[in-house]
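Novice: Everything below, folded, please.
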Amino acid sequence: MSTFIKLLDYDNAKNKEHGIFNKLNYYKANSLIFSRIPGNPIAYWVSEALINIFADHKRIENYLDTAQGMKTLNNDLFIKSWFELEQKKSSIFNKVNAKWFPLNHGGEYKKWYGNNECLIDWENDGENIKKLAKKKYNSITRTVTGMGHYFKSGVSWSAISMKSIGARYFPKGFIFSNAGMCAFGESGLLVHICGLLNSSSSEKIASIICPTINIGPDQVKLFPVPARNSINEKSIKEGISEAKSDWDLRETSWDFLRSPLLTDYRANRIETVIDENLTDWSWPSAYRLVESIDLAEQVKSFKRHWTELFLELHKNEEENNRIFIDLYGLQDELTPDVPYSEITILQEELVESARKEGRIEFEESVLARQFVSYGVGCLVGRYSVEKDGLILADAGATLEDFIAKVPGARFLPDPDGILPLTDEDDFIDDLPTRFKAWLRFISGDRYEDNLSWIEERLGKDLRSYFIRDFYKEHLRRYKNRPIYWMVTSPSGAFRALLYLHRYTKDSVGKVLNDYLRPYRGKLEQKIRGLQSIVDSSSYSQGEKTKAKKRLLQLEKYQRELDLWEKDALYPAALARIELDLDDGVKVNYRKLGSILEPVKQLEAKEQE
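Specialist: Residues are numbered from 1 along each chain as shown. The predicted structure is shown next:
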């Protein structure tokens, strides 16, 4: 017998020194037992019950192929977020002659379904990626690995995880990278393995086989697999559908339909079978039923519905844990309990501190910001309340394209996809004014109530939100790959939001001639009016002081915009810069960088 001291749970040298004197950290073990565990880890703290499960069960490798995906050798060039690209070039929306294909590429800790954001350039069977691999290594298969499994359904997990594994099912149509580990095999077994990898038993096994944060295919293939359980597989499939419904709540999902606050959750669920393991759950639009939306009532409906789904998933996860604990015989080692904080749906919408306390509390400010973002999408034609899903998402998309896709639409997006933004309502088509027009269109006689609900949750009026917070929120939502770009003068005296997928080489010229120059004319008029107040004896001293303050501000705006037009906007308009959406936001944003809101993450050097 050998004596071991376990200090793995201490985070620094000083604490480890104290741990040496704690008798609870001392273990005695026969080193021969290590050979009974795959990989022979020195797992001296492992119980006899845990050791036995490795001997009593076959491994994942006996049922499924676990594999690591490709290294592109240039992720910046070959991997993009789906929303950066053209709809018609993606296999998600167009099966013929597609350039971009879904990619399992790791991501944050998430269970059952999700992290489906990336596409990879696999045009002509990966011609460009293979050409680079051949050039660099004189070999394709050295880096373009796992090709035999491309486009098959499977289970994926992130290569690096600070928590438990977080396995996710995916249907056919995906490729996978070296950041998105995968397992492939018989369809029914995939669900069983997904449930296993998301169980508390798996977390215990992982602590032995892969004690570091790296969880690769060579480790996962060693996991012991107990007998399948048909009852459990039914609840696992429900969990996958619930997680997909959650993923599709947000506009960064390619299956996003509409704002969840415009969904009729009282209606019967619509079930669309994708494959034998995945059924898509959706609900109809509330706007189609009535043309007077009450946001406060819609929020109540949203909360009731998603509270029920959250609790159902929580119950299923605890049942999943219980079944695998029983199958492994680990009743003395583990409990089936799952804290609310370990349920990976509604991660944006629920208050995290409440989850940790075992309570469900929704953050209504998040719901309001999501709703405003969807509304802006309707203003530029990306979405429409009159038709579900993505509408305009190809380069240079026009108003005519929108009308063709939403025939008979009563609310039309902005003609050129450009929405000015100043500190007063200087244009009839400025961003806050147009948003209010859209809100009135969907609200009917509930407009004032809905506007109040939004502004109360935002903590400010709409114009202030759009000026101060909207673009920051957009960058966060789209992970610094924005699809709405903010043209802005140095101090923000003038702004205009333009939609990337409706940009043309004449868009900057329109900003200049249709908005900036007219705005400068409006400034002239305002300055003259304020000067007359300052000079007049008909106004009180308080009114004159207020006018003087605003006068100085507008004169500052005037000087700033004179220089900005001369040095930045006019040259950019004259250059008639063209963008290629295949290059992605990181490349294209720099082409207009001198006139856009600075984004530090887009200034980083490209990967060589």
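Novice: Do a quick rundown of the strands in the stretch 201-350 of the chain.
Specialist: 224-225, 270-273, 279-282 (DSSP state E, counting those that start in this stretch).
Novice: List the neighbouring strands of the last one plus their orientation.
Specialist: Meaning strand 279-282. When pairing is defined by DSSP bridges, strand 279-282 lines up against strand 270-273 (antiparallel).
Novice: mean confidence for the partner strand?
Specialist: Strand 270-273 carries an average pLDDT of 97.
Novice: Assess the claim that Asp429 and Asp414 are in contact.
Specialist: Yes: contact criterion Cβ atoms under 8 Å: Asp429 and Asp414 qualify, at 6.1 Å. Every residue, glycine included, has its C-beta placed from N, CA and C.
Novice: what residues are shared contacts of the two?
Specialist: Here Asp429 and Asp414 have no joint contacts, going by Cβ atoms under 8 Å, 6 or more residues apart in numbering.
Novice: how close does Asp348 sit to Thr252?
Specialist: Actually, residue 348 is Glu. It isn't Asp. Distance, Glu348 to Thr252, using Cβ to Cβ, to the nearest Å: 11 Å.
Novice: Make a markdown table from the strands of the stretch 201-350 of the chain and add distance to Pro598 to it.
Specialist: Converted to a markdown table, the strands of the stretch 201-350 of the chain look like this (distance: least, Cβ to Cβ, whole Å):
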| stretch | distance to Pro598 |
| --- | --- |
| strand 224-225 | 52 |
| strand 270-273 | 43 |
| strand 279-282 | 39 |
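Novice: most packed of these?
Specialist: Ranked by mean neighbour count, the strands of the stretch 201-350 of the chain are led by strand 224-225 with a mean of 20 (mean count of other Cβ atoms under 10 Å).
Novice: host element of Trp485?
Specialist: Here Trp485, judged by DSSP states H and E, is contained in strand 484-488.
Novice: CA atoms only: put that strand into CSV for me.
Specialist: These are the backbone C-alpha positions of strand 484-488, laid out as CSV (Å, rounded to 0.1, in the frame of the first residue of the first chain):
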residue,chain,number,x,y,z
TYR,A,484,-25.6,46.8,-38.1
TRP,A,485,-22.8,49.3,-38.4
MET,A,486,-22.8,52.7,-36.7
VAL,A,487,-21.4,55.5,-38.8
THR,A,488,-20.3,58.1,-36.3
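Novice: Show the subsequent helix or strand relative to it.
Specialist: strand 495-499.
Novice: Now do the phi/psi pair for Ala568.
Specialist: phi -130, psi -60 (degrees, to the nearest 10).
Novice: do the one 4 residues further on as well
Specialist: Its backbone dihedrals place Ala572 at phi -70, psi -40, with angles given as degrees, to the nearest 10.
Novice: Would you enumerate the residues in contact with it?
Specialist: With Cβ under 8 Å, 6+ apart, Ala572 has these contacts: Val508, Leu592, Ser594, Ile595.
Novice: Restricted to helices, list the residues you listed.
Specialist: Residues of the contacts of Ala572 located in helices (DSSP state H): Val508.
Novice: can you tell me which two in the contacts of Ala572 are farthest apart?
Specialist: Val508 and Ser594 (10.5 Å; Cβ to Cβ).
Novice: These two: who's more crowded?
Specialist: Val508 (26 against 13; other Cβ atoms under 10 Å).
Novice: ok, now which ones touch that one?
Specialist: Val487, Leu569, Ala572, Ala573, Arg576, Ile577, Leu592, Ile595.
Novice: Now which of these would you call buried?
Specialist: Val487, Leu569, Ala572, Ala573, Leu592, Ile595 (16 or more other Cβ atoms under 10 Å).
Novice: In contact with the residue most central in space within the chain: list those residues for me.
Specialist: For the chain, the residue nearest the mean C-alpha position is Thr252 (4.8 Å; Cα atoms, centre = their mean). Thr252 sits next to Phe83, Glu117, Arg477, Tyr478 when contact means Cβ under 8 Å, 6+ apart.
Novice: the longest helix in this structure is where?
Specialist: helix 295-328.
Novice: Give me the helices and strands touching whichever helix or strand comes after that one, please.
Specialist: Next in sequence after helix 295-328, counting helices and strands by DSSP H and E, comes helix 352-356. Counting contacts by 3 or more Cβ pairs under 8 Å, 6 or more residues apart in numbering; DSSP states H and E, helix 352-356 packs against no other helix or strand.
Novice: buried ones in helix 352-356?
Specialist: Quick answer for helix 352-356 (16+ other Cβ under 10 Å): Arg355.
Novice: Chain neighbours aside, what residue packs nearest to Ile323?
Specialist: Asn232 (4.7 Å; Cβ to Cβ, 6 or more residues apart in numbering).
Novice: how many neighbours does Glu186 have?
Specialist: 10.
Novice: which ones are touching the closest residue to it other than its chain neighbours?
Specialist: Using Cβ to Cβ, 6+ apart and skipping the chain neighbours, the partner closest in space to Glu186 is Tyr63 (7.3 Å). Tyr63 is in contact with Gly185, Glu186, Leu189, Ile193, Val225, counting by Cβ under 8 Å, 6+ apart.
Novice: Please tell me how far the last one sits from Phe324.
Specialist: In this structure, Val225 and Phe324 are separated by 10 Å, where distance is defined by Cβ to Cβ.
Novice: between those two, what contacts are shared?
Specialist: Joint contacts of Val225 and Phe324 (Cβ under 8 Å, 6+ apart) are Leu196.
Novice: Domain-wise, how is the protein divided?
Specialist: Domain ranges of the chain: 2-45, 62-228, 232-365, 400-602, per automatic domain parsing.
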